[in-house]
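S.K.: What follows is a predicted structure for the sequence shown.
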Amino acid sequence: MDLTTFVIDYNLSFPLFALSTIIFILLIVKQTKPLFFKNKENLPPGPPRLPIIGNLHQIAGDRPHVSIASFAKNYGPLISLRFGKQLVVVASSPEAAMGILKTQDHLLSSRVVPVSMKQAHLLPHSLMWSECNQTWKTLRTLCQTELFSGKSLEAHSILRNEKLSQLLDFLRKKQGQVINIEDVVFITLFNTLSSIIFGKDLLDLNDEHGTHNGLKESLHKLLELSGSTIDLGSFYPMLERFDLNGIRRGTMKQFDKIFSYWEDIIEERRARVNSSSWSSGQAHSFLDRLLENNFSNNQINQLITELFIAGTNTTTSMVIWTMSELVRHQQVMSKIEQEMKKEINSHEITNFQLSKLNYLQACIKEAFRLQPPVPLLLPHMAVETCEVMNYKIPKNSKVFVNVWAMGRDSKIWDEPLSFKPERFMDSRLDFKGQNFELIPFGSGRRMCPGLPSGVVSLEFILASLIREFDWALPDSDDPLKLDMNGKFGMALKRVMPLKLIFKQKQAYQYA
Ligand code: HEM
């Protein structure tokens, strides 16, 4: 470039250059202001944001709960982030969690509905995504009475044992082979729930190719879509109607496929319940109860799909995380076996015997602490502006509680990364929503209604698997090297599937 060209170019581009420099500096000042100046809005502190996208680039990927936990280390137990236009507040300490789920529970218990779930004809019937309105109350009460009360759990124990026997029979035939344990546990839990809801199995353990007429695949796809972290429509409401990443269309397609699997069952039962010979004593499934209460097909479909999504994947994921820890710590597995030899003296395990397995329960609590299946709980929403820990949470903010981060906080737990069930042995600490350092099911009015059912299934499956078989990893590598990374979604799953090899134990002598 000769001198004349340089001068001309320089003269022409200087104003442009100066203008862009000023804009750039202003943007940097705006985004980093909270770090250097007093935050006038009094929002919880948080990392600097980029224009337009805010902090989105920092949470994209498979492990947003891990990135968010690292922000909490720098900015404190209550932080604010911005995902596009959406303000997001995250609690990462028991005190902050209590502020959200107890002190301000009445104002912070609504939901931010993911775009995938905004299906006009279904959303009004949702239990999981409704605000705390009358529909939500009615559905929760119905589920509580028919599915999760002590009486219903007792009534369903025959079905639970039947599905468990099917699983054990299936496994006996596979001894010595390497299996993906997640698949068979998922089918067992799914069939337990489908027997309670429809009075029949919908999946088949012996379906070697795992096709199951596509039902299982559709449910998994639906789960992936609902757990997508990049929910463009809620980050940028003006984009919502364009459905740019196809999440809404994809979800609708899977919903339609799933509904078609049970449409015939619903129609056949509706005809029976509406017939003159029907009396309410004949109801033997949850579906019968819904039909007796005049539920429409849309209401039934939405509720049942949510129960399958919320109930089967979380519980499966927890069985798998606990088994992963147990194969890594064979001495812990042996201690559970010893406990069971002492406490269980019959062929079938009963609820009463399970209640005596304190060490197994401590192992489950320890697994919940390290690998909570819903690491951030489901997204809550502020219906009014309120204060938590002296910070403002504006109306319509999305609110998360990072249960995963709390489980690994060295301020709360001694050696937080070690699997040490003994820490719970002489402790009254439980996961039922009263101790905010361990809340894998949440707490307050949005707390998981399925806790009793999830925990009973978890205890029954683990106790049966451990009592009947010896489990190990198929390769001779150090078990402690097993990859324990989790992938975020509606349920936190293992990145690498858990493949195990097993053989039947010598039968115990029962009294
Ligand atoms: C290990 C098992 C389970 C875990 C860890 C778990 C965890 C959770 C969590 C963290 C929430 C959200 C709480 C919040 O947003 O504050 C939730 C909600 C829910 N869970 Fe569970 N869950 C499990 C099993 C089940 C089962 C077995 C069912 C039913 C069959 C179920 C049904 C539901 C429903 C319907 C909701 C939404 C409640 C509402 O929004 O009001 N869950 N669960």
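M.R.: That came in fine, so what should we check first?

S.K.: With the flanking residues excluded, which residue is spatially nearest to the residue in the chain that the ligand sits nearest to?
M.R.: Taking CB to the nearest ligand atom, the ligand has its nearest neighbour within the chain at Gly450, 2.2 Å off. Every C-beta, even on glycine, is put in place using the N, C-alpha and C of the backbone. Excluding the flanking residues, the one nearest Gly450 by CB to CB, 6 or more residues apart in numbering is Gly311, at 5.2 Å.

S.K.: count of neighbours near the residue of the chain closest to the ligand?
M.R.: Other residues lying near Gly450 total 20 when counted by other CB atoms under 10 Å.

S.K.: what does Asn274 give?
M.R.: Using other CB under 10 Å, the number of residues around Asn274 comes to 11.

S.K.: Asp264 now?
M.R.: 9.

S.K.: Would you mind pointing out the helix or strand it falls in?
M.R.: helix 247-274 (DSSP states H and E).

S.K.: which of the residues in that helix are buried?
M.R.: Using 16 or more other CB atoms under 10 Å as the test for burial, helix 247-274 gives 247-248, 250-251, 254-255, 257-259, 261-262, 265-266, 269-270, 273.

S.K.: elements contacting that helix?
M.R.: helix 215-226, helix 232-235, helix 286-292, helix 297-328 (3 or more CB pairs under 8 Å, 6 or more residues apart in numbering; DSSP states H and E).

S.K.: right, is the first one up against the ligand?
M.R.: Translated: helix 215-226. No. Helix 215-226 stays clear of the ligand (CB under 6 Å from any ligand atom), getting no nearer than 12.2 Å.

S.K.: contacting residues for the residue of the chain closest to the ligand?
M.R.: Counting by CB atoms under 8 Å, 6 or more residues apart in numbering, Gly450 touches 143, 147-148, 307, 310-311.

S.K.: Apply 10 Å and report the result again.
M.R.: Applying CB atoms under 10 Å, 6 or more residues apart in numbering, we find Gly450 in contact with 143-144, 147-148, 193, 307, 310-311, 314-315, 441, 457.

S.K.: Could you do Asp62 as well?
M.R.: 229, 485-489, 493, 495.

S.K.: Just say helix, strand or coil for Lys163.
M.R.: Three-state assignment for Lys163 (DSSP: H, G, I helix; E, B strand; the rest coil): helix.

S.K.: does the closest residue in space to it that isn't next to it in sequence sit in a helix or strand, and which one?
M.R.: Spatial nearest neighbour of Lys163, chain neighbours left out: Thr192 (4.5 Å); criterion: CB to CB, 6+ apart. According to DSSP H and E, Thr192 maps onto helix 181-198.

S.K.: Flag every residue of the stretch 351-500 of the chain that's near the ligand.
M.R.: The stretch 351-500 of the chain comes close to the ligand at residues 373-374, 377-378, 440-442, 446-450, 453-454, 458, as judged by CB under 6 Å from any ligand atom.

S.K.: try 8 Å
M.R.: 368, 372-374, 377-380, 401, 403, 439-451, 453-455, 457-458 (CB under 8 Å from any ligand atom).

S.K.: Restrict these to the buried ones and give me that as a PyMOL selection.
M.R.: Per 16+ other CB under 10 Å, the buried members of those correspond to this PyMOL selection:
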select buried, resi 368+372+373+374+377+378+379+380+401+403+439+440+441+442+443+444+446+447+448+449+450+451+453+454+455+457+458
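
S.K.: Filter the residues of the stretch 351-500 of the chain next to the ligand down to the ones in helices?
M.R.: Counting by DSSP state H, the part of these found in helices is 368, 403, 451, 453-455, 457-458.

S.K.: thinking again about what came up before, any idea how far the helix holding Asp264 is from the middle of the chain?
M.R.: Helix 247-274 sits 24 Å away from the centroid of its parent chain (CA atoms, centre = their mean, to the nearest Å).

S.K.: So is that helix next to the ligand?
M.R.: No. Contact between helix 247-274 and the ligand is absent, the nearest approach being 15.7 Å (criterion: CB under 8 Å from any ligand atom).

S.K.: what angle separates that helix from helix 297-328?
M.R.: Following axes from the mean of the first three to the mean of the last three CA atoms, to 10 degrees, one obtains 110 degrees for the angle between helix 247-274 and helix 297-328.

S.K.: number of nearby residues for Lys137?
M.R.: Count around Lys137 with other CB under 10 Å applied: 13.

S.K.: where's it, which helix or strand?
M.R.: helix 134-143.

S.K.: what's the closest residue to Leu122 other than its chain neighbours in contact with, if anything?
M.R.: In this structure, Leu122 finds its nearest non-sequential neighbour in Gln302, 4.7 Å apart by CB to CB, 6+ apart. Contacts for Gln302 (CB under 10 Å, 6+ apart) come out as 117, 119, 121-129, 139, 255, 259, 295-296.
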